[in-house]
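Peer 1: Here is a sequence together with a model predicted from it:
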Amino acid sequence: MIRLDNVTKTYKGTVPALRDCSVEIGRGEFVFLVGPSGAGKSTFIRLILREETPDRGQIWVAGWNICRLRHWKVPYLRRNIGCVFQDFRLLPNKSVFANVAFALEVIGRPKSMVTAQVPQALDLVGLREKWDCLPSELSGGEQQRVAIARAFVNRPLILLADEPTGNIDPGTSAEVTRLLDRISRTGTTVLMATHNDAIVNTMRRRVIELDNGVVVRDEDEGAYDAPVAPYDVPDAVAASVEPTSAGVEGLR
Amino acid sequence: MALSLDYVARETGTNLWRNRLMTVAAVLTVAVSLSLVGAALLLKQGVSTATTRWKGGVQLAVFMQPQAPPDQTRAVGDKLGSMQLVKRTTFCDQACSYKEFRTMFANQPDLVQSAAPADLPPSFRVVARDANHVQQVGSTLKPFAGVRNVVYAKQSVDTLLRVTGIAQAVLLSVAVVLLAAAAVLILNAIRMAIFARRREVAVMKLVGATNWFIRVPYMLEGVIQGLGGAFVAVCVVAVVSFLLRYSVQHYDVTLFQSIVVSGHDLFLTELAVLLMGIVVGAGGSALGVRRFLEV
(Lines give C-alpha, C1' and ligand atoms only; values in the text may rest on other atoms or scores of the structure.)
Protein backbone atom coordinates (compact mmCIF):
# COMPACT_ATOMS: atom_id res chain seq x y z
CA MET A 1 0.00 0.00 0.00
CA ILE A 2 2.85 2.34 0.90
CA ARG A 3 6.39 1.71 -0.25
CA LEU A 4 9.44 3.91 0.04
CA ASP A 5 12.57 2.89 -1.89
CA ASN A 6 15.80 4.54 -0.77
CA VAL A 7 14.09 7.86 -0.24
CA THR A 8 16.18 10.89 0.62
CA LYS A 9 14.70 14.31 1.27
CA THR A 10 16.71 17.40 2.11
CA TYR A 11 15.17 20.77 2.80
CA LYS A 12 17.11 23.69 1.42
CA GLY A 13 20.37 24.26 3.23
CA THR A 14 19.78 21.86 6.11
CA VAL A 15 20.74 18.34 7.04
CA PRO A 16 18.68 15.64 5.34
CA ALA A 17 15.24 15.15 6.88
CA LEU A 18 15.14 11.61 5.58
CA ARG A 19 18.14 9.58 4.50
CA ASP A 20 17.91 6.53 2.31
CA CYS A 21 14.67 5.28 3.82
CA SER A 22 13.13 2.05 2.60
CA VAL A 23 9.86 0.96 4.14
CA GLU A 24 6.97 -1.16 2.99
CA ILE A 25 3.55 -1.09 4.62
CA GLY A 26 0.86 -3.52 3.54
CA ARG A 27 -2.88 -3.26 3.20
CA GLY A 28 -4.79 -3.01 6.47
CA GLU A 29 -1.67 -2.72 8.61
CA PHE A 30 -1.55 -0.56 11.69
CA VAL A 31 1.85 1.07 12.04
CA PHE A 32 3.28 3.44 14.63
CA LEU A 33 5.86 5.91 13.45
CA VAL A 34 7.97 6.99 16.40
CA GLY A 35 11.07 9.00 17.04
CA PRO A 36 12.14 12.27 18.66
CA SER A 37 11.09 15.64 17.29
CA GLY A 38 12.93 16.42 14.10
CA ALA A 39 13.51 12.76 13.32
CA GLY A 40 11.65 13.05 10.03
CA LYS A 41 8.18 11.76 10.96
CA SER A 42 6.35 14.74 9.52
CA THR A 43 8.46 14.67 6.37
CA PHE A 44 7.58 10.99 6.00
CA ILE A 45 3.87 11.86 6.10
CA ARG A 46 4.22 14.89 3.85
CA LEU A 47 5.98 12.76 1.27
CA ILE A 48 3.18 10.21 1.24
CA LEU A 49 0.65 13.02 0.80
CA ARG A 50 2.86 14.45 -1.93
CA GLU A 51 3.07 17.77 -0.21
CA GLU A 52 6.77 17.24 -0.85
CA THR A 53 8.71 15.27 -3.43
CA PRO A 54 11.83 13.30 -2.54
CA ASP A 55 15.29 14.29 -3.83
CA ARG A 56 16.16 10.67 -4.47
CA GLY A 57 14.30 7.39 -4.40
CA GLN A 58 10.79 6.33 -5.33
CA ILE A 59 7.52 6.29 -3.41
CA TRP A 60 4.54 4.11 -4.24
CA VAL A 61 1.19 4.86 -2.67
CA ALA A 62 -1.97 2.87 -3.44
CA GLY A 63 -0.33 1.53 -6.58
CA TRP A 64 0.85 4.89 -7.92
CA ASN A 65 4.43 5.98 -8.24
CA ILE A 66 3.76 9.38 -6.74
CA CYS A 67 7.11 10.84 -7.73
CA ARG A 68 5.99 10.67 -11.33
CA LEU A 69 2.45 11.78 -10.61
CA ARG A 70 1.32 14.80 -12.65
CA HIS A 71 0.48 17.87 -10.63
CA TRP A 72 -3.19 17.86 -11.57
CA LYS A 73 -3.58 14.23 -10.48
CA VAL A 74 -2.48 14.88 -6.91
CA PRO A 75 -6.06 15.55 -5.71
CA TYR A 76 -7.06 12.11 -6.94
CA LEU A 77 -4.20 10.55 -4.96
CA ARG A 78 -5.37 12.40 -1.85
CA ARG A 79 -8.87 11.04 -2.19
CA ASN A 80 -7.37 7.68 -1.25
CA ILE A 81 -5.70 9.07 1.85
CA GLY A 82 -7.45 10.29 4.96
CA CYS A 83 -5.60 12.65 7.25
CA VAL A 84 -5.79 13.49 10.94
CA PHE A 85 -3.65 16.07 12.70
CA GLN A 86 -2.72 17.15 16.17
CA ASP A 87 -4.70 20.39 15.77
CA PHE A 88 -7.86 18.70 14.37
CA ARG A 89 -8.25 21.27 11.55
CA LEU A 90 -12.01 21.39 11.78
CA LEU A 91 -13.89 24.32 10.29
CA PRO A 92 -15.10 26.33 13.29
CA ASN A 93 -18.18 27.79 11.61
CA LYS A 94 -19.55 24.45 10.41
CA SER A 95 -21.43 21.88 12.45
CA VAL A 96 -20.09 18.38 13.06
CA PHE A 97 -22.23 17.03 10.26
CA ALA A 98 -21.22 19.82 7.86
CA ASN A 99 -17.54 19.30 8.65
CA VAL A 100 -17.71 15.65 7.73
CA ALA A 101 -19.98 16.27 4.74
CA PHE A 102 -17.58 18.95 3.48
CA ALA A 103 -15.00 16.27 2.65
CA LEU A 104 -17.46 14.58 0.31
CA GLU A 105 -19.00 17.74 -1.13
CA VAL A 106 -15.75 19.26 -2.28
CA ILE A 107 -14.76 16.19 -4.21
CA GLY A 108 -18.05 16.44 -6.06
CA ARG A 109 -19.89 13.52 -4.49
CA PRO A 110 -23.66 13.56 -4.95
CA LYS A 111 -25.96 14.59 -2.13
CA SER A 112 -27.37 11.09 -1.81
CA MET A 113 -23.93 9.77 -0.98
CA VAL A 114 -23.41 12.54 1.56
CA THR A 115 -26.65 11.82 3.37
CA ALA A 116 -25.87 8.10 3.39
CA GLN A 117 -22.22 8.08 4.41
CA VAL A 118 -21.90 10.95 6.85
CA PRO A 119 -24.22 9.40 9.49
CA GLN A 120 -22.34 6.10 9.11
CA ALA A 121 -19.03 7.82 9.72
CA LEU A 122 -20.47 9.64 12.75
CA ASP A 123 -21.79 6.32 14.06
CA LEU A 124 -18.35 4.83 13.74
CA VAL A 125 -16.82 7.53 15.93
CA GLY A 126 -19.83 7.53 18.26
CA LEU A 127 -20.87 11.15 17.72
CA ARG A 128 -24.10 10.79 15.83
CA GLU A 129 -26.18 12.53 18.46
CA LYS A 130 -23.83 15.52 18.40
CA TRP A 131 -24.16 16.06 14.65
CA ASP A 132 -25.54 19.57 15.08
CA CYS A 133 -22.87 20.85 17.49
CA LEU A 134 -20.16 23.26 16.52
CA PRO A 135 -16.57 22.10 17.09
CA SER A 136 -16.19 24.69 19.86
CA GLU A 137 -18.94 22.92 21.81
CA LEU A 138 -17.02 19.64 21.84
CA SER A 139 -14.13 18.37 23.95
CA GLY A 140 -10.71 17.84 22.38
CA GLY A 141 -11.24 14.10 22.10
CA GLU A 142 -14.60 14.57 20.46
CA GLN A 143 -13.15 17.07 18.01
CA GLN A 144 -10.46 14.60 17.06
CA ARG A 145 -13.12 11.93 16.52
CA VAL A 146 -14.94 14.31 14.19
CA ALA A 147 -11.66 14.78 12.32
CA ILE A 148 -11.32 11.01 12.06
CA ALA A 149 -14.87 10.74 10.74
CA ARG A 150 -14.02 13.35 8.14
CA ALA A 151 -10.86 11.50 7.16
CA PHE A 152 -12.68 8.19 6.92
CA VAL A 153 -15.99 9.21 5.37
CA ASN A 154 -14.68 8.75 1.84
CA ARG A 155 -13.46 5.22 2.74
CA PRO A 156 -9.79 5.89 2.00
CA LEU A 157 -7.28 3.13 1.49
CA ILE A 158 -4.87 4.83 3.84
CA LEU A 159 -5.32 6.87 7.00
CA LEU A 160 -2.43 9.04 8.10
CA ALA A 161 -2.47 10.38 11.63
CA ASP A 162 0.18 12.92 12.60
CA GLU A 163 0.31 13.09 16.40
CA PRO A 164 -3.46 12.64 16.70
CA THR A 165 -3.23 12.40 20.49
CA GLY A 166 -0.87 15.32 20.94
CA ASN A 167 -3.57 17.68 22.18
CA ILE A 168 -5.78 15.39 24.24
CA ASP A 169 -5.62 13.74 27.64
CA PRO A 170 -4.30 10.19 28.11
CA GLY A 171 -7.63 8.41 28.61
CA THR A 172 -9.12 10.00 25.51
CA SER A 173 -5.91 9.31 23.62
CA ALA A 174 -6.37 5.62 24.19
CA GLU A 175 -9.94 5.88 22.97
CA VAL A 176 -8.87 7.69 19.79
CA THR A 177 -6.17 5.11 19.14
CA ARG A 178 -8.63 2.25 19.60
CA LEU A 179 -10.84 3.98 17.05
CA LEU A 180 -7.96 4.09 14.57
CA ASP A 181 -7.31 0.44 15.30
CA ARG A 182 -10.91 -0.40 14.53
CA ILE A 183 -10.60 1.48 11.25
CA SER A 184 -7.51 -0.51 10.33
CA ARG A 185 -9.52 -3.70 10.80
CA THR A 186 -11.81 -2.61 7.96
CA GLY A 187 -8.83 -2.97 5.63
CA THR A 188 -7.60 0.60 5.80
CA THR A 189 -3.89 1.04 6.28
CA VAL A 190 -3.26 3.24 9.31
CA LEU A 191 0.00 5.05 9.87
CA MET A 192 0.18 6.94 13.13
CA ALA A 193 3.08 9.19 14.02
CA THR A 194 3.21 9.62 17.76
CA HIS A 195 5.16 10.59 20.84
CA ASN A 196 2.79 8.75 23.11
CA ASP A 197 4.84 5.88 24.50
CA ALA A 198 2.03 4.57 26.69
CA ILE A 199 -0.18 3.93 23.71
CA VAL A 200 2.55 2.32 21.65
CA ASN A 201 3.54 0.09 24.54
CA THR A 202 -0.03 -0.99 25.17
CA MET A 203 -1.06 -1.65 21.58
CA ARG A 204 2.02 -3.66 20.62
CA ARG A 205 1.81 -3.12 16.88
CA ARG A 206 4.39 -2.68 14.21
CA VAL A 207 6.72 0.18 15.14
CA ILE A 208 8.93 2.09 12.73
CA GLU A 209 11.41 4.28 14.54
CA LEU A 210 13.10 7.19 12.86
CA ASP A 211 16.12 8.96 14.22
CA ASN A 212 17.86 11.76 12.42
CA GLY A 213 16.12 10.84 9.20
CA VAL A 214 17.13 7.20 9.28
CA VAL A 215 14.95 4.15 9.95
CA VAL A 216 16.68 2.73 13.02
CA ARG A 217 14.07 0.11 13.88
CA ASP A 218 11.20 -1.67 12.17
CA GLU A 219 9.73 -4.16 14.58
CA ASP A 220 6.46 -6.08 14.69
CA GLU A 221 4.64 -5.89 18.01
CA GLY A 222 7.18 -3.34 19.11
CA ALA A 223 7.40 -0.98 22.04
CA TYR A 224 8.01 2.74 22.03
CA ASP A 225 11.66 2.29 22.92
CA ALA A 226 14.02 -0.17 21.38
CA PRO A 227 14.62 -3.28 23.50
CA VAL A 228 17.61 -2.46 25.63
CA ALA A 229 20.26 -5.08 26.05
CA PRO A 230 21.06 -5.28 29.79
CA TYR A 231 24.81 -5.08 29.33
CA ASP A 232 24.51 -1.99 27.17
CA VAL A 233 22.87 0.44 29.52
CA PRO A 234 22.34 0.06 33.26
CA ASP A 235 18.67 -0.14 34.16
CA ALA A 236 18.83 2.87 36.43
CA VAL A 237 20.23 5.04 33.63
CA ALA A 238 17.69 3.77 31.14
CA ALA A 239 14.84 4.51 33.55
CA SER A 240 16.06 8.05 34.12
CA VAL A 241 16.21 8.91 30.39
CA GLU A 242 12.96 7.19 29.48
CA PRO A 243 10.03 9.55 29.28
CA THR A 244 7.49 9.03 32.02
CA SER A 245 4.33 7.33 30.91
CA ALA A 246 1.40 8.93 32.62
CA GLY A 247 -1.42 7.18 30.88
CA VAL A 248 -0.05 3.69 30.84
CA GLU A 249 -1.95 2.45 33.89
CA GLY A 250 -5.23 3.74 32.59
CA LEU A 251 -4.76 1.80 29.40
CA ARG A 252 -3.96 -1.57 30.88
CA MET B 1 -15.13 17.16 -12.74
CA ALA B 2 -18.42 17.23 -10.99
CA LEU B 3 -18.86 20.86 -10.03
CA SER B 4 -22.30 21.22 -8.57
CA LEU B 5 -23.97 24.49 -9.49
CA ASP B 6 -25.53 24.64 -6.09
CA TYR B 7 -22.14 24.57 -4.39
CA VAL B 8 -20.55 27.17 -6.66
CA ALA B 9 -23.52 29.54 -6.34
CA ARG B 10 -23.50 29.26 -2.56
CA GLU B 11 -19.76 29.79 -2.21
CA THR B 12 -19.69 32.71 -4.63
CA GLY B 13 -22.69 34.30 -2.96
CA THR B 14 -21.13 34.11 0.51
CA ASN B 15 -17.85 35.49 -0.77
CA LEU B 16 -19.53 38.46 -2.41
CA TRP B 17 -21.63 39.18 0.66
CA ARG B 18 -18.70 38.94 3.04
CA ASN B 19 -16.69 41.39 0.98
CA ARG B 20 -19.57 43.60 0.02
CA LEU B 21 -17.73 46.90 0.46
CA MET B 22 -14.89 45.75 -1.75
CA THR B 23 -17.43 44.37 -4.18
CA VAL B 24 -19.24 47.70 -4.41
CA ALA B 25 -15.95 49.55 -4.95
CA ALA B 26 -14.90 47.16 -7.69
CA VAL B 27 -18.28 47.24 -9.41
CA LEU B 28 -18.42 51.05 -9.36
CA THR B 29 -14.93 51.43 -10.74
CA VAL B 30 -15.67 49.01 -13.53
CA ALA B 31 -18.93 50.86 -14.20
CA VAL B 32 -17.33 54.30 -14.44
CA SER B 33 -14.46 53.17 -16.62
CA LEU B 34 -16.64 51.16 -18.96
CA SER B 35 -19.09 54.05 -19.26
CA LEU B 36 -16.23 56.20 -20.47
CA VAL B 37 -15.15 53.51 -22.90
CA GLY B 38 -18.71 53.20 -24.16
CA ALA B 39 -19.08 56.97 -24.56
CA ALA B 40 -15.81 57.12 -26.49
CA LEU B 41 -16.92 54.30 -28.77
CA LEU B 42 -20.29 55.95 -29.39
CA LEU B 43 -18.60 59.22 -30.23
CA LYS B 44 -16.25 57.47 -32.59
CA GLN B 45 -19.06 55.72 -34.39
CA GLY B 46 -21.22 58.83 -34.53
CA VAL B 47 -18.45 60.90 -36.01
CA SER B 48 -17.47 58.20 -38.42
CA THR B 49 -21.06 58.05 -39.67
CA ALA B 50 -21.22 61.82 -40.00
CA THR B 51 -18.00 61.97 -41.95
CA THR B 52 -18.28 58.75 -43.89
CA ARG B 53 -17.76 60.55 -47.22
CA TRP B 54 -14.61 62.20 -46.07
CA LYS B 55 -12.78 59.14 -44.81
CA GLY B 56 -9.12 58.83 -45.74
CA GLY B 57 -8.57 62.58 -46.16
CA VAL B 58 -10.96 62.92 -49.09
CA GLN B 59 -11.23 66.64 -49.86
CA LEU B 60 -13.53 66.67 -52.82
CA ALA B 61 -16.48 64.64 -54.12
CA VAL B 62 -17.65 64.85 -57.74
CA PHE B 63 -21.25 63.68 -58.01
CA MET B 64 -22.52 62.44 -61.37
CA GLN B 65 -26.14 62.48 -62.48
CA PRO B 66 -27.83 59.22 -61.44
CA GLN B 67 -28.70 58.58 -65.08
CA ALA B 68 -25.34 59.65 -66.51
CA PRO B 69 -24.29 57.25 -69.31
CA PRO B 70 -21.13 55.19 -68.67
CA ASP B 71 -19.02 57.06 -71.25
CA GLN B 72 -19.57 60.40 -69.44
CA THR B 73 -18.57 58.81 -66.16
CA ARG B 74 -15.52 57.32 -67.86
CA ALA B 75 -14.55 60.70 -69.27
CA VAL B 76 -14.57 62.27 -65.80
CA GLY B 77 -12.62 59.35 -64.41
CA ASP B 78 -10.00 59.61 -67.15
CA LYS B 79 -9.64 63.35 -66.63
CA LEU B 80 -9.11 62.83 -62.88
CA GLY B 81 -6.59 60.12 -63.60
CA SER B 82 -4.57 62.35 -65.89
CA MET B 83 -4.50 65.45 -63.67
CA GLN B 84 -1.17 66.28 -62.04
CA LEU B 85 -2.89 67.94 -59.09
CA VAL B 86 -4.78 64.77 -58.09
CA LYS B 87 -3.03 62.44 -55.76
CA ARG B 88 -5.62 59.70 -55.50
CA THR B 89 -9.17 59.08 -56.59
CA THR B 90 -11.74 56.40 -55.84
CA PHE B 91 -15.06 55.74 -57.53
CA CYS B 92 -18.20 55.08 -55.54
CA ASP B 93 -20.89 53.52 -57.73
CA GLN B 94 -24.63 53.54 -57.07
CA ALA B 95 -24.55 50.46 -54.86
CA CYS B 96 -21.80 52.03 -52.78
CA SER B 97 -23.71 55.32 -52.58
CA TYR B 98 -26.78 53.50 -51.44
CA LYS B 99 -24.86 51.82 -48.65
CA GLU B 100 -23.47 55.15 -47.53
CA PHE B 101 -26.88 56.73 -47.70
CA ARG B 102 -28.33 54.06 -45.51
CA THR B 103 -25.60 54.58 -42.91
CA MET B 104 -25.97 58.35 -42.86
CA PHE B 105 -29.70 58.30 -42.46
CA ALA B 106 -29.92 55.21 -40.35
CA ASN B 107 -32.33 56.81 -37.92
CA GLN B 108 -34.65 58.08 -40.64
CA PRO B 109 -36.03 54.80 -41.94
CA ASP B 110 -38.74 56.53 -44.02
CA LEU B 111 -36.12 58.24 -46.07
CA VAL B 112 -34.09 55.08 -46.53
CA GLN B 113 -37.17 53.15 -47.55
CA SER B 114 -38.19 55.65 -50.20
CA ALA B 115 -34.81 55.59 -51.95
CA ALA B 116 -33.47 52.92 -54.32
CA PRO B 117 -29.86 52.49 -55.48
CA ALA B 118 -30.86 53.78 -58.94
CA ASP B 119 -31.93 57.16 -57.49
CA LEU B 120 -28.54 57.84 -55.98
CA PRO B 121 -25.68 59.54 -57.75
CA PRO B 122 -22.37 57.73 -58.26
CA SER B 123 -19.38 59.85 -57.27
CA PHE B 124 -15.62 60.27 -57.44
CA ARG B 125 -13.76 60.85 -54.18
CA VAL B 126 -10.65 62.90 -54.73
CA VAL B 127 -7.56 63.53 -52.67
CA ALA B 128 -5.49 66.42 -54.02
CA ARG B 129 -1.72 66.52 -53.96
CA ASP B 130 -1.90 69.91 -52.30
CA ALA B 131 -4.82 71.20 -50.24
CA ASN B 132 -4.59 74.59 -51.93
CA HIS B 133 -5.44 73.13 -55.33
CA VAL B 134 -8.68 71.42 -54.30
CA GLN B 135 -10.74 74.35 -55.57
CA GLN B 136 -8.95 74.27 -58.92
CA VAL B 137 -9.60 70.55 -59.40
CA GLY B 138 -13.26 71.12 -58.62
CA SER B 139 -13.77 73.89 -61.08
CA THR B 140 -12.03 71.94 -63.85
CA LEU B 141 -14.50 69.08 -63.49
CA LYS B 142 -17.67 71.02 -62.86
CA PRO B 143 -18.37 71.76 -66.58
CA PHE B 144 -18.02 68.11 -67.66
CA ALA B 145 -21.11 66.45 -69.15
CA GLY B 146 -23.03 64.37 -66.61
CA VAL B 147 -21.51 66.06 -63.56
CA ARG B 148 -24.28 67.04 -61.18
CA ASN B 149 -22.27 68.97 -58.62
CA VAL B 150 -18.96 69.15 -56.79
CA VAL B 151 -18.84 69.10 -52.99
CA TYR B 152 -15.85 70.21 -50.91
CA ALA B 153 -14.93 68.92 -47.47
CA LYS B 154 -15.72 71.79 -45.23
CA GLN B 155 -13.59 73.26 -42.54
CA SER B 156 -16.23 72.13 -40.03
CA VAL B 157 -15.63 68.49 -40.86
CA ASP B 158 -12.01 69.00 -40.11
CA THR B 159 -12.78 70.68 -36.82
CA LEU B 160 -15.29 68.01 -35.88
CA LEU B 161 -12.78 65.27 -36.55
CA ARG B 162 -10.06 67.00 -34.60
CA VAL B 163 -12.19 67.88 -31.57
CA THR B 164 -13.78 64.47 -31.29
CA GLY B 165 -10.39 62.84 -31.84
CA ILE B 166 -8.99 64.64 -28.80
CA ALA B 167 -12.12 63.88 -26.76
CA GLN B 168 -11.83 60.20 -27.62
CA ALA B 169 -8.17 60.06 -26.68
CA VAL B 170 -8.86 61.68 -23.31
CA LEU B 171 -11.85 59.47 -22.57
CA LEU B 172 -10.01 56.32 -23.53
CA SER B 173 -6.88 57.08 -21.55
CA VAL B 174 -8.88 57.87 -18.41
CA ALA B 175 -10.86 54.69 -19.03
CA VAL B 176 -7.70 52.59 -19.34
CA VAL B 177 -6.38 53.90 -16.01
CA LEU B 178 -9.72 53.23 -14.33
CA LEU B 179 -9.95 49.76 -15.84
CA ALA B 180 -6.53 48.95 -14.44
CA ALA B 181 -7.69 50.23 -11.06
CA ALA B 182 -10.81 48.07 -11.34
CA ALA B 183 -8.74 44.99 -12.12
CA VAL B 184 -6.55 45.67 -9.07
CA LEU B 185 -9.63 46.14 -6.87
CA ILE B 186 -11.03 42.84 -8.08
CA LEU B 187 -7.68 41.17 -7.50
CA ASN B 188 -7.64 42.50 -3.96
CA ALA B 189 -11.21 41.37 -3.33
CA ILE B 190 -10.25 37.88 -4.45
CA ARG B 191 -7.20 37.92 -2.25
CA MET B 192 -9.27 38.87 0.78
CA ALA B 193 -11.83 36.20 -0.01
CA ILE B 194 -9.11 33.58 -0.26
CA PHE B 195 -7.55 34.74 2.99
CA ALA B 196 -10.89 34.65 4.77
CA ARG B 197 -11.33 31.04 3.70
CA ARG B 198 -7.79 29.76 4.03
CA ARG B 199 -8.90 27.05 6.49
CA GLU B 200 -11.50 25.75 4.07
CA VAL B 201 -8.99 25.82 1.24
CA ALA B 202 -6.45 23.86 3.31
CA VAL B 203 -9.03 21.19 4.13
CA MET B 204 -10.19 21.04 0.52
CA LYS B 205 -6.65 20.40 -0.68
CA LEU B 206 -6.21 17.76 1.98
CA VAL B 207 -9.28 15.75 1.07
CA GLY B 208 -8.52 15.93 -2.63
CA ALA B 209 -10.68 18.65 -4.15
CA THR B 210 -9.43 19.40 -7.64
CA ASN B 211 -7.69 22.68 -8.33
CA TRP B 212 -10.52 23.90 -10.52
CA PHE B 213 -13.07 23.03 -7.89
CA ILE B 214 -11.21 25.26 -5.44
CA ARG B 215 -10.67 28.05 -7.95
CA VAL B 216 -14.01 28.36 -9.69
CA PRO B 217 -15.96 30.17 -6.94
CA TYR B 218 -13.27 32.85 -6.70
CA MET B 219 -12.99 33.25 -10.45
CA LEU B 220 -16.73 33.52 -10.72
CA GLU B 221 -16.74 36.16 -8.03
CA GLY B 222 -14.44 38.35 -10.14
CA VAL B 223 -16.46 37.75 -13.28
CA ILE B 224 -19.65 38.73 -11.48
CA GLN B 225 -18.05 41.95 -10.24
CA GLY B 226 -16.90 42.77 -13.76
CA LEU B 227 -20.28 41.89 -15.18
CA GLY B 228 -22.09 43.97 -12.57
CA GLY B 229 -19.98 46.99 -13.46
CA ALA B 230 -20.52 46.35 -17.15
CA PHE B 231 -24.26 46.17 -16.62
CA VAL B 232 -24.30 49.60 -14.97
CA ALA B 233 -22.14 50.93 -17.79
CA VAL B 234 -24.52 49.49 -20.39
CA CYS B 235 -27.36 51.45 -18.82
CA VAL B 236 -25.27 54.62 -18.72
CA VAL B 237 -24.30 54.26 -22.36
CA ALA B 238 -27.92 53.70 -23.36
CA VAL B 239 -28.96 56.86 -21.51
CA VAL B 240 -26.12 58.88 -23.07
CA SER B 241 -27.07 57.66 -26.50
CA PHE B 242 -30.69 58.57 -25.91
CA LEU B 243 -29.76 62.06 -24.69
CA LEU B 244 -27.56 62.55 -27.73
CA ARG B 245 -30.35 61.62 -30.09
CA TYR B 246 -32.83 63.74 -28.16
CA SER B 247 -30.62 66.82 -28.18
CA VAL B 248 -29.90 66.42 -31.90
CA GLN B 249 -33.61 66.35 -32.61
CA HIS B 250 -34.76 69.08 -30.25
CA TYR B 251 -31.92 71.55 -30.01
CA ASP B 252 -29.86 73.24 -32.59
CA VAL B 253 -26.44 72.02 -31.55
CA THR B 254 -24.33 72.64 -34.61
CA LEU B 255 -21.40 70.49 -33.61
CA PHE B 256 -23.51 67.43 -32.92
CA GLN B 257 -26.03 67.87 -35.66
CA SER B 258 -24.44 65.42 -38.02
CA ILE B 259 -23.49 62.89 -35.35
CA VAL B 260 -25.77 59.93 -35.66
CA VAL B 261 -25.61 56.66 -33.76
CA SER B 262 -27.71 53.91 -35.22
CA GLY B 263 -29.34 51.18 -33.18
CA HIS B 264 -26.89 48.72 -34.65
CA ASP B 265 -23.89 50.75 -33.51
CA LEU B 266 -25.39 51.13 -30.07
CA PHE B 267 -25.88 47.38 -29.81
CA LEU B 268 -22.28 46.69 -30.81
CA THR B 269 -21.02 49.24 -28.30
CA GLU B 270 -23.05 47.69 -25.50
CA LEU B 271 -21.75 44.27 -26.44
CA ALA B 272 -18.17 45.53 -26.37
CA VAL B 273 -18.76 47.09 -22.95
CA LEU B 274 -20.17 43.83 -21.56
CA LEU B 275 -17.31 41.79 -22.95
CA MET B 276 -14.74 44.17 -21.51
CA GLY B 277 -16.43 43.89 -18.11
CA ILE B 278 -16.13 40.12 -18.23
CA VAL B 279 -12.53 40.30 -19.39
CA VAL B 280 -11.53 42.69 -16.60
CA GLY B 281 -13.33 40.59 -13.98
CA ALA B 282 -11.94 37.29 -15.20
CA GLY B 283 -8.47 38.77 -15.66
CA GLY B 284 -8.34 40.28 -12.18
CA SER B 285 -9.61 37.16 -10.48
CA ALA B 286 -7.43 34.81 -12.53
CA LEU B 287 -4.40 36.80 -11.45
CA GLY B 288 -5.61 36.77 -7.83
CA VAL B 289 -6.21 33.03 -7.85
CA ARG B 290 -2.84 32.36 -9.46
CA ARG B 291 -0.94 34.48 -6.97
CA PHE B 292 -2.74 33.81 -3.74
CA LEU B 293 -4.23 30.35 -4.06
CA GLU B 294 -1.48 27.79 -4.09
CA VAL B 295 -2.90 24.50 -5.20
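Peer 2: Okay, I see it.
Peer 1: what about the nearest residue to residue B:217 once chain neighbours are set aside, how many residues close to it?
Peer 2: Ranked by CB to CB, 6 or more residues apart in numbering or on different chains and with sequence neighbours excluded, the top spatial neighbour of residue B:217 is residue B:11, at 3.8 Å. Yep, even glycine has a C-beta here, placed from its N, CA and C like the rest. For residue B:11, the number of neighbouring residues by other CB atoms under 10 Å in any protein chain shown comes to 20.
Peer 1: for residue B:177, same thing?
Peer 2: Using other CB under 10 Å: residue B:177 sits among 12 other residues.
Peer 1: what sits against it?
Peer 2: Contacts for residue B:177 (CB atoms under 8 Å, 6 or more residues apart in numbering or on different chains) come out as residue B:33.
Peer 1: For it, give its distance to residue B:171.
Peer 2: Separation of residue B:177 from residue B:171 (CB to CB, to the nearest Å): 11 Å.
Peer 1: cool, and residue A:134?
Peer 2: The gap separating residue A:134 from residue B:171 is 53 Å, by CB to CB.
Peer 1: just residue B:118 next, same as before
Peer 2: For residue B:118 relative to residue B:171 (CB to CB), the value is 41 Å.
Peer 1: So between the two, which is more surrounded?
Peer 2: residue B:171 (19 against 9).
Peer 1: That one contacts residue B:41, doesn't it?
Peer 2: No. Residue B:171 lies out of contact with residue B:41 (CB atoms under 8 Å); the separation is 9.2 Å.
Peer 1: Please enumerate the helices of chain A.
Peer 2: For chain A, the helices defined by DSSP state H cover A:41-48, A:74-78, A:96-105, A:111-125, A:140-152, A:170-185, A:197-203, A:235-241, A:248-251.
Peer 1: And the contacts of the longest one?
Peer 2: Contacting residues not belonging to helix A:170-185 are listed as A:28-30, A:124-125, A:139-141, A:144-145, A:148, A:152, A:159, A:161, A:164-165, A:168, A:190, A:192, A:196, A:198-199, A:202-203, A:246-247, A:250-251 [CB under 8 Å, 6+ apart].
Peer 1: at 7 Å instead, please
Peer 2: A:28, A:30, A:125, A:140-141, A:144-145, A:148, A:152, A:159, A:161, A:164-165, A:168, A:190, A:192, A:196, A:198-199, A:203, A:246-247, A:250-251 (CB atoms under 7 Å, 6 or more residues apart in numbering or on different chains).
Peer 1: ok, residue B:25 touching residue B:185?
Peer 2: Yes. Using CB atoms under 7 Å, residue B:25 makes contact with residue B:185 at a distance of 5.5 Å.
Peer 1: Neighbour count: the two, which is higher?
Peer 2: Ranked by neighbour count (other CB under 10 Å), residue B:25 and residue B:185 place residue B:185 first, with 22 against 18.
Peer 1: ok, the more buried one - contacts?
Peer 2: B:22, B:25-26, B:29.
Peer 1: what is the mean pLDDT for the helix or strand hosting it?
Peer 2: Secondary structure from DSSP states H and E places residue B:185 in helix B:155-196. Here helix B:155-196 scores 83 as its mean pLDDT.
Peer 1: Between helix A:140-152 and the helix or strand following that helix, find me the angle.
Peer 2: Counting by DSSP H and E, the element after helix B:155-196 in chain order, helix or strand, is helix B:198-207. Going by axes from the mean of the first three to the mean of the last three CA atoms, to 10 degrees, helix B:198-207 is angled at 50 degrees with respect to helix A:140-152.
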